[in-house]
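Novice: Give the three-dimensional model of this entry:
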Amino acid sequence: MSKIYYKSQEEIELIRESSLLVSKTLAEVAKVIKPGITTIALDKLAYEFIKDHGAVPAFLNYGGFPNSLCISPNEQVVHGFPNDYVIKEGDLISVDCGVIKNNYFGDSAYTFSIGETSEEQKKLTKVTQECLTLAIEKAVVGMRIGDIAYAVQYHAEQNDFGVVRELVGHGVGVKLHEKPEVPNYGKRGSGIKLEEGMVLAIEPMINAGTAAVKFWSDGWTVTTKDNKPSAHFEHTVAIKKGKADVLSTFSLIEEVLKEKS
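Specialist: Below is the predicted model:
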């Protein structure tokens, strides 16, 4: 079993640089995402933006994945292929992005609401983002992985939403996926103790209906079993004493969305 790789402050700063480039890339997506655009067009834009900033798309060719972004509309939970799908009014579009810069990875995801969405969709995106915030509050020295996991599960289930169990967050740094795994369900006080130098990608994946998912034969795409919508928000976070250091940001995305509205 591979061990946890603890990062120095210098390494955390390099991961921050990569994570902020992910956030900037998602903000570029936010500028153009609207009804009528294809998901492959968003992917091409992200590829160019990442390359123009001296970095490499982390997902491109990762385990054979053919794109720079994972774009998952509506009932797709994660790992959707950008393709000729035309985004329409009322869609939820989850966009997951990773980059490698200076040999360090950053990873973040955001679920975009396209135009006027249903009350269920609005509640789902709000609660999923709240799950991430509550999880990050537990991402401090002395807590355990189970405390992060429980924070997500409790809040989602209190709102009658399903918590995906087959997919988890993870350590991030010199690799895209490092130890430890960070589930979105679990018991308080259980699992590995959190220590300074750990960097985690915390990523609630929450379904409007059942927690159950289907894995497609393409080896990547995951959808909800009941075809209800799913939402996905993710930050890269460094474990600190007292308060986590969030290395990615949604503020750049939300500024763009505010200007567009």
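
Novice: the strands in the stretch 151-261 of the chain, which residues?
Specialist: Ranges of strands in the stretch 151-261 of the chain, per DSSP state E, counting those that start in this stretch, are 162-163, 169-171, 178-182, 199-202, 205-207, 213-215, 222-224, 230-232, 235-238, 245-246.

Novice: which parts of the longest one are buried?
Specialist: Yep, that's strand 178-182 we're talking about. In terms of neighbour count (16 or more other CB atoms under 10 Å), strand 178-182 has its buried residues at 178, 180, 181, 182. To be clear about C-beta, it is placed using only N, CA and C from the backbone, and glycine gets the same treatment.

Novice: so what strands line up beside that strand?
Specialist: Strand 178-182 pairs in its sheet with strand 169-171 (antiparallel), by DSSP bridges.

Novice: residues making contact with the partner strand?
Specialist: 4-5, 177-184, 198-203, 234 (CB atoms under 8 Å, 6 or more residues apart in numbering).

Novice: for stretch 25-34, same thing?
Specialist: Stretch 25-34 has contacts (CB under 8 Å, 6+ apart) with 41-42, 45-46, 49-50, 69, 87, 93, 95, 97, 99, 108, 110, 112, 114-115, 252-253, 255-257, 260.

Novice: mind putting the strands of the stretch 151-261 of the chain in CSV, distance to residue 17 and mean pLDDT included?
Specialist: Formatted as CSV, the strands of the stretch 151-261 of the chain follow (distance: least, CB to CB, whole Å; pLDDT from 0 to 100):
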stretch, distance to residue 17, mean pLDDT
strand 162-163, 32, 98
strand 169-171, 18, 98
strand 178-182, 18, 97
strand 199-202, 13, 98
strand 205-207, 26, 98
strand 213-215, 33, 97
strand 222-224, 30, 98
strand 230-232, 23, 98
strand 235-238, 11, 98
strand 245-246, 13, 98
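
Novice: Select, out of those, the one closest to residue 150.
Specialist: strand 162-163 (10.5 Å; CB to CB).

Novice: Relative to the closest one, what are the paired strands and their orientations?
Specialist: Paired with strand 162-163 in the same sheet, following DSSP bridges, are strand 205-207 (antiparallel).

Novice: what separates the strand it pairs with from the chain centre, distance-wise?
Specialist: Centroid displacement of strand 205-207 relative to its chain, using CA atoms, centre = their mean, to the nearest Å, is 11 Å.

Novice: got it, and stretch 43-57?
Specialist: 18 Å.

Novice: and it, average pLDDT?
Specialist: Averaging pLDDT along stretch 43-57 yields 98.

Novice: What are the contacting residues of it?
Specialist: 18, 21, 24-25, 28-29, 32, 60, 67-69, 71, 82, 97-101.

Novice: Spell out for me the ChimeraX command that would select the buried members of the contacts of stretch 25-34.
Specialist: If you want just the buried ones from those in ChimeraX, going by 16+ other CB under 10 Å, the selection is:
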select :41,42,45,46,49,50,69,87,93,95,97,99,108,110,112,114,252,253,256,257
